[in-house]
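> structure, please.
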Amino acid sequence: MIRVEGLVKSFAKQRVLDEVDLQVKDGEILVILGESGSGKSVLLRHLIGLEVPDQGKVFIKDVDITVLPESKLLKVRRDIGYLFQDGALYDFMSVEENVAFPLLEHTKISEKEAYQKVHELLEMVGLSSAKTKLPSELSGGMRKRAALARAVVLGSKIVLCDEPTSGLDPIKSREISDLIKEVSRRFKSTMVITSHDMMNAFRIADRLVLLKNGKIRIEGSPRDLKESKDSFLQEFLTDQYS
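Modelled structure (predicted):
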């Protein structure tokens, strides 16, 4: 589904990604871990073509998106849902209008059909009663739910989530993490998530990778990482739980 080969990215003189190789299987939930500034979000943005690598390739369904012209890249992006860290909802639109926007913009279904689908999705994410509210009237957790609904409304088989529990309290973080897992399983979506939320990452991930100095230091199942004796991983876990 997703394959990264020899990905290199630098900003000024700082190499943020250093020959990263990564594969994401169909239907899996992969969580990318790392310290602040480790390149997690930069790697995620490469998967949707928002960043152009200095070297390397990114394949989505065997198509190298790093060489696509903008017109073809836009078509690839329509099949990828993206949950931004801050939600990136349109402030002047209600919740239902935000979620309906991709359907009305990129499909030919009627407005009635679009809103029927939106209302079903909002019920699934627990926002039926908030459908007419503006983003400014929502709590942080509700904004995340609305943004997740918008990310999957087109039926995307790939969904990228950038720090989906950032800024939330432990209870809301767990709820959003559980919802992401539920959405992944229900829609059979492949999820790639950047996170600093170790507890929930280990709960929902099929596989995790840990970045250090622009490289993948370790990868494996939650059990693999818990049993690893890697010194940096142990230090990272200690810092997260202290």
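
> residue ranges in this protein under the pLDDT threshold?
Where the chain drops to pLDDT under 70, the residues are 238-242.

> and the next element down the chain from the longest helix anywhere in it?
Secondary structure of the chain per DSSP state H: the longest helix is helix 170-187. The helix or strand immediately downstream of helix 170-187 is strand 190-194, counting by DSSP states H and E.

> can you list contacts of that following strand?
With contacts defined as CB atoms under 8 Å, 6 or more residues apart in numbering, strand 190-194 is touched by 1-2, 24-32, 40-41, 43-44, 47, 157-164, 180, 184, 201, 205. No exception for glycine: its C-beta is placed from N, CA and C like everyone else's.

> please redo it, this time with the cut-off set to 7 Å
1-2, 24, 26-32, 40-41, 44, 47, 157-164, 180, 184 (CB atoms under 7 Å, 6 or more residues apart in numbering).

> from the chain's centroid, how far away is that strand?
Distance, stretch centre to chain centre, for strand 190-194: 5 Å (CA atoms, centre = their mean, to the nearest Å).

> give me the element the most centrally placed residue in the chain is part of.
Among the residues of the chain, the one closest to the centroid is Cys161, at 1.5 Å (CA atoms, centre = their mean). Taking DSSP H and E as the criterion, Cys161 maps to strand 158-162.

> quick one, that strand and helix 170-187 angle?
On the basis of axes from the mean of the first three to the mean of the last three CA atoms, to 10 degrees, strand 158-162 is oriented at 170 degrees to helix 170-187.

> partner strands of strand 158-162 and their direction?
According to DSSP bridges, strand 158-162 forms sheet pairs with strand 80-83 (parallel), strand 190-194 (parallel).

> could you dump those to a markdown table with distance to Asp64 and mean neighbour count?
Formatted as a markdown table, the strands paired with strand 158-162 follow (distance: least, CB to CB, whole Å; neighbours: other CB atoms under 10 Å):
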| stretch | distance to Asp64 | mean neighbour count |
| --- | --- | --- |
| strand 80-83 | 15 | 23 |
| strand 190-194 | 18 | 25 |
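
> can you say which of these is nearest to Ala146?
strand 80-83 (10.3 Å; CB to CB).

> contacts only, for Leu138.
Leu138 neighbours (CB under 7 Å, 6+ apart): 130, 146.

> which parts of stretch 63-74 are buried?
Neighbour counts over stretch 63-74 (16 or more other CB atoms under 10 Å) mark 65-66, 73 as buried.

> out of these, list just those in strands.
Among the buried residues of stretch 63-74, no member falls in strands (criterion: DSSP state E).

> what's the closest non-adjacent residue to Lys131?
Spatially, and ignoring its direct neighbours in sequence, Lys131 is nearest to Glu96 (4.2 Å; CB to CB, 6 or more residues apart in numbering).

> which of the buried residues of stretch 63-74 lies closest to Glu105?
For these, the nearest to Glu105 is Leu73 (16.5 Å; CB to CB).

> got phi/psi on the nearest residue to that closest one once chain neighbours are set aside?
Once flanking residues are discounted, Leu73 sits nearest to Gly49: 4.8 Å by CB to CB, 6+ apart. The phi/psi pair for Gly49 (degrees, to the nearest 10) reads phi 80, psi 20.

> repeat for the one 4 residues further on
The phi/psi pair for Pro53 (degrees, to the nearest 10) reads phi -70, psi 150.

> tell me how far it lies from Val42.
10 Å (CB to CB, to the nearest Å).

> same question, Leu210
15 Å.

> compare those two (neighbour count), which wins?
Using other CB atoms under 10 Å as the criterion, Leu210 and Val42 rank with Leu210 on top: 24 against 21.

> can you confirm that one is in a strand?
Yes: under DSSP: H, G, I helix; E, B strand; the rest coil, Leu210 falls within a strand.

> could you report the separation of it from Ile65?
The gap separating Leu210 from Ile65 is 25 Å, by CB to CB.
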